[in-house]
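Visitor: Need the 3D shape of this:
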Amino acid sequence: MSDKNPSEIASKMRDIDIAMLSTHTDGGAIAGRPMSNNGEVDYDGDSYYFTWEKSRMVDDIKRNPKVGLSFQGKKAFMVAVEGEADVIKDKAMFKKHWTPDLDDWFKDGVDTNGLVLIKVSAVRAHYWDGEDEGEIKLNGAKRH
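Guide: Just a heads-up that it's a prediction; the model follows:
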């Protein structure tokens, strides 16, 4: 078991663009879907993802905010995050986390009707780096 800190984990996460975000469905199943990190991997325990307000994922989060994130990087580096999600509708927050690549998905940018930002606040992260593995505790479910 290793004792890496969040900045060490973040440095290894920099090249990972896609995370799998898992939620609990209304039937109790676990549903996962790929989400882009938008290049934001200075990991302090918070992750941000843009999506549509009317998505099943948002319904799942409103019903049960406990979520999981999975990341897979280079050379057998993986991270599993347990956290709580918030659905944010604040355009100031949209602007803070917006990147030009998102224009391909949301044609009107931060003014796109039905746009929301999901913030996942990590409680803990388990990582594997080859044969090295460990767990880091984070600040918990911080609210915006």
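Visitor: Name the residues of stretch 5-25 that are buried.
Guide: Residues 6, 8-10, 12-13, 16, 19, 21-24 are the ones in stretch 5-25 that count as buried (16 or more other C-beta atoms under 10 Å). C-betas here are computed from N, CA, C, even on glycine.
Visitor: can you pull out the strands in this protein?
Guide: 18-24, 30-36, 46-52, 66-72, 77-88, 115-129, 132-137 (DSSP state E).
Visitor: Quick one, which of these gets closest to Asp60.
Guide: Of all the strands of the chain, the one in closest proximity to Asp60, counting by C-beta to C-beta, is strand 18-24 (3.6 Å).
Visitor: thinking again about what came up before, kindly indicate which of the buried residues of stretch 5-25 lies nearest Lys119.
Guide: Nearest to Lys119, judged by C-beta to C-beta, of these is Leu21 at 11.6 Å.
Visitor: Please report how far the nearest residue to Arg63 once chain neighbours are set aside lies from His97.
Guide: Excluding the flanking residues, the one nearest Arg63 by C-beta to C-beta, 6 or more residues apart in numbering is Asp26, at 6.4 Å. Using C-beta to C-beta, to the nearest Å, Asp26 is found at 28 Å from His97.
Visitor: ditto for Ala122
Guide: From Ala122 across to His97, the span is 16 Å (C-beta to C-beta).
Visitor: Which one's more surrounded, these two?
Guide: A direct count of neighbours by other C-beta atoms under 10 Å for Ala122 and His97 places Ala122 higher, at 26 against 17.
Visitor: So what sits opposite the more buried one in the bridge?
Guide: Gly83 (DSSP bridges).
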